[in-house]
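Trainee: Sequence and computational prediction follow.
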Amino acid sequence: MARVRLLTATASHLSALLRSPQDLSALLGVPVPAGWPEFPEAVPATLRILTEHPEQGAWWMHLFLDDATGRLVGSGGFAGPPVDRTVEVGYEIAPEHRRRGFATAAVRALVAAAAASGEVDRVVAHTRDGDERSGGVLRAAGFAQVARVEHPEEGTLLRWERGVPGE
């Protein structure tokens, strides 16, 4: 079973990635996989937030490292600090590491981190309607689909929720 270690992304990590994948690789001491990040537009936005609010680092982007090898396999995290004791998670796994259990392991690790904070009772996620792979990841991580929502830019999304361990 895949296991993931979360590494909270810092402004230094994100600045290096914006310069080049090679710069991030040198900083981390591991290769940066091809095709990652899948959503590079999140990097400058997250860097701005971390520069203005470094104390919120744990509530934004994390790098996912394969616990067995230390290799970078993807990234994700939270969409900001808890609101009403709820956080939203998102995740992406580099193409060469997909379908090996890393997404489920990463989501479970994020849920555990949220629980350990003592500030969260519920974790939510959204997937595109018809995205069966992400739905399977979330089901395996203990989420249940609770609603369909219309997003002005992304169309129909499915909302998933779960409580945190110990709830």
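Mentor: Great, that's in hand.
Trainee: Spatially nearest residue to residue 14 (excluding sequence neighbours)?
Mentor: Excluding the flanking residues, the one nearest residue 14 by CB to CB, 6 or more residues apart in numbering is residue 47, at 4.2 Å. Where you see a C-beta, it was placed from the backbone N, CA and C, and this is true even at glycine.
Trainee: So that neighbour lies in a helix, does it not?
Mentor: Yes - assessed by DSSP: H, G, I helix; E, B strand; the rest coil, residue 47 belongs to a helix.
Trainee: Next, please give the residue ranges for the strands of this structure.
Mentor: Remark: strands assigned in the chain by DSSP state E are 4-8, 61-66, 72-78, 86-93, 122-128, 144-151, 155-163.
Trainee: need those strands in CSV with mean pLDDT, distance to residue 41 and mean neighbour count, can you?
Mentor: Formatted as CSV, those follow (pLDDT from 0 to 100; distance: least, CB to CB, whole Å; neighbours: other CB atoms under 10 Å):
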stretch, mean pLDDT, distance to residue 41, mean neighbour count
strand 4-8, 97, 20, 18
strand 61-66, 98, 12, 24
strand 72-78, 98, 13, 24
strand 86-93, 97, 12, 21
strand 122-128, 96, 17, 20
strand 144-151, 93, 16, 11
strand 155-163, 95, 18, 17
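Trainee: between these, which gets nearest to residue 52?
Mentor: Residue 52 lies closest to strand 61-66 among the strands of the chain, at 14.5 Å (CB to CB).
Trainee: contacts for that closest one?
Mentor: Strand 61-66 is contacted from outside by 2-9, 13-14, 28, 30, 42-43, 46, 71-77, 91, 93, 97, 102, 105-106, 109-110, 113, using CB atoms under 8 Å, 6 or more residues apart in numbering.
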